[in-house]
Every structure is written in structure tokens, then in C-alpha cells.
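In: Sequence first, predicted coordinates after that:
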Amino acid sequence: MKISFISVLPPYRGGISNHSSLILKELKKNNDVQVINFRKLYPSIFFPGKSQYDDSNPIGSRFLSSVNPITWRKVFLDVEANHSDILIFKFWHPFFIPCYRYIAKKIKKNTNCKIVIIFDNILPHEPFPFTKVLLNYFFKYVDAYIVQSGKVEKELATIVPNPIYDKVFHPIYDNYPDIIDKRDAKLKLKIQDSDIVLFFGLIRKYKGLDRLILSMEKVFEEKPNIKLLIVGECYGEKKKYLSLIKKSKYSDRILWVEEYVKESEVNLYFSASDVVVLPYLSASQSGIIPLAYNYNKPVIVSDLEGLAEVVDVDKTGHIFDPKLKNDLSKKIVDFFDLYDEKFYTKNIEEYKNNFKWSNFEDSIIKLLHRLEK
């Protein structure tokens, strides 16, 4: 099968780029894949971080600019010349719809190529002007969809009547360095003799870090051996988080590594941790849970569909009710009261077999067969 694949990929950094590169790796095993990467993803004024790039090698043909229509036409011409059976768009934000829609419209008008979207999100976490209008503007040229959570599945149903789609949960990341001895990891981080609660990933308002910092007060009171390790670059409201940490009676037990972590160093933080907490206010799904499972680390997550549906409760992690005051604190305290590392490791090892990268290729083939009927 001939596939054209359009997504953000290395050298762009971040979970979506990493996720796309692993889908691509799987697709290339049995298919002829044309890869189109971005040369310009966001204008610099729209990017809140320190850099959009890491030091990884570029993947694919890097000429697409989200803001330059000349490059959109070049993508269309390249896909048309490739005689692809399927064009796959990786979609995570309506900002890219003018670009994507132009390409999709041209492909539908001039070829027999089927168009499929793999969603990270449909609706953005932060408000974006005319989102629903833009989505309808694009989706009328799309044949089928792949969603990665029940939340996105429901969102799709509100926008597209009777969509042709499949659901594939976010697979387990397997491209990071192996886990190392917990004691060695803690020694390197100078946090030995402590139990570690880990918050990992880019920090945005919707991820609820303030909720976690405040909830840790009661945890610290009851568990003098625990530390909170925050690892991630902040995308806004940094002063608010620093203020909360400063006001805490236990500020010396809150450590913040405020930087984007290279893939080669990710294992250090997960190896040192005992549990990974996702106190999110909203979520379509998250790459942090499969990353935690890769290192056999249990999770404690908000009761949000995009998170809770990939937690085997009391076996691979726990779910807290954000509507109940102190429930997050209680879940963390209860976790350490009953903590059995071997128990969680065994359960996670079994559970993560459900989340394979090959599921994406299987899903695409399944959708193609449905479209041919």
C-alpha cells in the first residue's frame, strides 16, 4: 500500500512529534510511505516555549509551512505524483486547518486517494476562534478517522454524522532508554532516601499542576519521606507555580526541573519515581501514561475519560475525583500506605500488551476495507 503521511516529526520536539515518528516506523514495515514534515510549524510569536526543536535527526521531506500556501500546493503535487492509496494527516489543533484543508480538497478533486485523520485532539485545550466552523470546513474532505480515546470519539460524533472511524488507544512508548536501578537514579538526582511523586511533561494550565502542588500539603503532613518532583518546561503562568511552591510549608520537598528533557535523560526521572500523577483539568488522552507504563510505573489520574479509560484501577494505577476535596491527597497517601512495587510492575507488564504500535496499521487497513465496500 502506498501511503502519504503528513505530520510534525523530528527535529521538532514533543510528544506529538515522537508519537508520529513511531507510527511512521510501524507503517514503513509493510508499506511504501511518503513522509512530509514541516519546515515551519508555528510562527515564533505563537510558540510559548524556549525552542521548537531538539537535537534529533530530521525525518521526511521538510518543506511544508503552516502559513505559506505555496508549500501547500507543493505538498498536493507531491502526493498526486506519488499515486498514494491513502493520505494520512496527523491532527492536533485547528490552527493547521487552512493548510490541511487546501491539501485535502485538491487531493479529493484530482485523485482517488482516500484521506484519513489520526487525532491527538479534536477540540483544543484552550479556546481557539471558530473551531467548530473550521473543523467542518476541513472534515467534509475526509473519508475516515482514527481516534485514541473515548472523549475524542464522542467529540467526533458531534461534528461528523455517522463517521467512519476506528479507535486505537495510545501505544506504549518503547523508544526511550531502559529503566535503571531506582537507587542509582535517586542518587544521581540527589533525592536519595525519599519516595517520589512525579509530574512530568510540558506545563500548561489545563494540566493542573497547581492542583497537585496544593494537594501535596496534606501528603507532606502525613508522609515526611515523600518529595514532589516536577519535570517540565513551563508554557505560561510560571510565576503562579513558583508562588505556590514558595508559600508551601514544605517547599524544600518540592523540586522543579524547569526544562525540556532530552529523550536520553527521560529514564532517569521515571526510574527514580514511585508513582506518576496526572492532575489534569481536561484531557483528550495523554502520552504520559504510556510513558509511565513503559517504565512500569503506576499512575494516579484525574477522573477524565481520556485518562481513566487506560487505567486498570487498583492494578496499574488509581483515579481521583476532582470534585471531592482532598481526594487527590488521599489517593496519594493511600498509594504509599499500600505500596507494593512488584505488584504494580507485574500488572503493568501484562496490561501494556494491549497497546501496540502495530494497531495503527491494522486500523488503517480495516478502514480502507470499509471505504471500499
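Out: Arrived safely, thanks for sending.
In: Need the per-residue pLDDT for the nearest residue to Tyr241 once chain neighbours are set aside.
Out: Excluding the flanking residues, the one nearest Tyr241 by Cβ to Cβ, 6 or more residues apart in numbering is Leu209, at 5.9 Å. All C-beta spots, glycine's among them, are computed from the backbone N, C-alpha and C. On pLDDT, Leu209 comes in at 98.
In: Tell me the buried residues in the host helix or strand of Ser329?
Out: Per DSSP states H and E: Ser329 is located in helix 327-337. By neighbour count on 16 or more other Cβ atoms under 10 Å, the buried set for helix 327-337 is Asp327, Leu328, Ser329, Lys330, Lys331, Ile332, Val333, Phe335, Phe336.
In: go on, stretch 10-27?
Out: Using 16+ other Cβ under 10 Å as the test for burial, stretch 10-27 gives 10, 12-24, 26-27.
In: Tell me the gap between it and the middle of its chain.
Out: The chain centroid and the centroid of stretch 10-27 are separated by 11 Å, computed with Cα atoms, centre = their mean, to the nearest Å.
In: got it, and stretch 211-231?
Out: Distance of stretch 211-231 from the chain centroid (Cα atoms, centre = their mean) equals 25 Å.
In: Spit out the contact partners of the closest residue to Ser282 other than its chain neighbours.
Out: Nearest residue to Ser282, sequence neighbours excluded (Cβ to Cβ, 6+ apart): Tyr206, at 4.9 Å. By Cβ atoms under 8 Å, 6 or more residues apart in numbering, Tyr206 lies in contact with His125, Glu126, Tyr280, Leu281, Ser282, Ala283.
In: repeat that with 10 Å
Out: The neighbourhood of Tyr206, defined by Cβ atoms under 10 Å, 6 or more residues apart in numbering, consists of Pro124, His125, Glu126, Tyr280, Leu281, Ser282, Ala283.
In: cool, and Glu263?
Out: The contact partners of Glu263, by Cβ under 10 Å, 6+ apart, come to Pro10, Arg13, Asn18, Asp54, Asp55, Ser56, Tyr173, Asn175, Tyr176, Pro177.
In: and if you look at Lys356?
Out: The neighbours of Lys356, taking Cβ under 10 Å, 6+ apart as the test, are Glu26, Val168, Phe169, Pro171, Ile172, Asp174, Asp362.
In: what's the closest of the buried residues of stretch 10-27 to Lys373?
Out: Using Cβ to Cβ, Leu27 is the member of those that lies nearest Lys373, at 22.8 Å.
In: Torsion angles phi and psi at the residue lying closest to the closest one once chain neighbours are set aside?
Out: Using Cβ to Cβ, 6+ apart and skipping the chain neighbours, the partner closest in space to Leu27 is Val33 (5.2 Å). Backbone dihedrals for Val33, given as degrees, to the nearest 10, come out at phi -110, psi 120.
In: quick one: contacts for Val33?
Out: Per Cβ under 10 Å, 6+ apart, neighbours of Val33: 1-5, 24-27, 60, 82, 84, 86, 88.
In: My guess is Lys331 contacts Leu278. True?
Out: No. Using Cβ atoms under 10 Å as the test, Lys331 is too far from Leu278 to be in contact (11.8 Å).
In: residues shared between the contacts of the two?
Out: Shared contacts of Lys331 and Leu278, defined by Cβ under 10 Å, 6+ apart, are found at Ile300, Val301, Gly317, Phe320.
In: Now for those, which sits with the most neighbours around it?
Out: Per-residue neighbour counts (other Cβ atoms under 10 Å) across the shared contacts of Lys331 and Leu278 peak at Gly317, which has 29 neighbours.
In: wait, what's in contact with that one?
Out: By Cβ under 10 Å, 6+ apart, the residues touching Gly317 are 275-278, 289, 292-293, 297-301, 307-308, 310-311, 331, 335, 344, 347-348, 351.
In: Which neighbouring elements make contact with the worst-scoring helix or strand of the chain on mean pLDDT?
Out: Between all helices and strands in the chain, the lowest mean by mean pLDDT, DSSP states H and E belongs to helix 358-372, at a mean of 92. Helix 358-372 makes packing contacts with helix 15-27, strand 86-91, strand 114-119, strand 144-147, strand 165-167 when contacts are defined by 3 or more Cβ pairs under 10 Å, 6 or more residues apart in numbering; DSSP states H and E.
In: who's in contact with that helix?
Out: Here helix 358-372 makes contact (Cβ under 10 Å, 6+ apart) with 1, 3, 19, 22-24, 26-31, 85-86, 88, 114-116, 118, 143-148, 164-171, 356.
In: tell me which residues in that helix are buried?
Out: In terms of neighbour count (16+ other Cβ under 10 Å), helix 358-372 has its buried residues at Asn359, Phe360, Glu361, Ser363, Ile364, Leu367, Leu368.
In: With respect to Pro43, which of those residues is nearest?
Out: Using Cβ to Cβ, the buried residues of helix 358-372 come closest to Pro43 at Phe360, 30.3 Å.
In: Now the most centrally placed residue in the chain: closest residue in space that isn't a chain neighbour?
Out: For the chain, Gly287 is the residue whose C-alpha lies nearest the centre (Cα atoms, centre = their mean; 3.5 Å). Leaving aside its chain neighbours, Gly287 sits nearest to Gly15 (4.1 Å; criterion: Cβ to Cβ, 6+ apart).
In: Now that that neighbour has come up, it's in contact with Asn121, right?
Out: No. With contact defined as Cβ under 10 Å, Gly15 does not reach Asn121; the gap is 11.5 Å.
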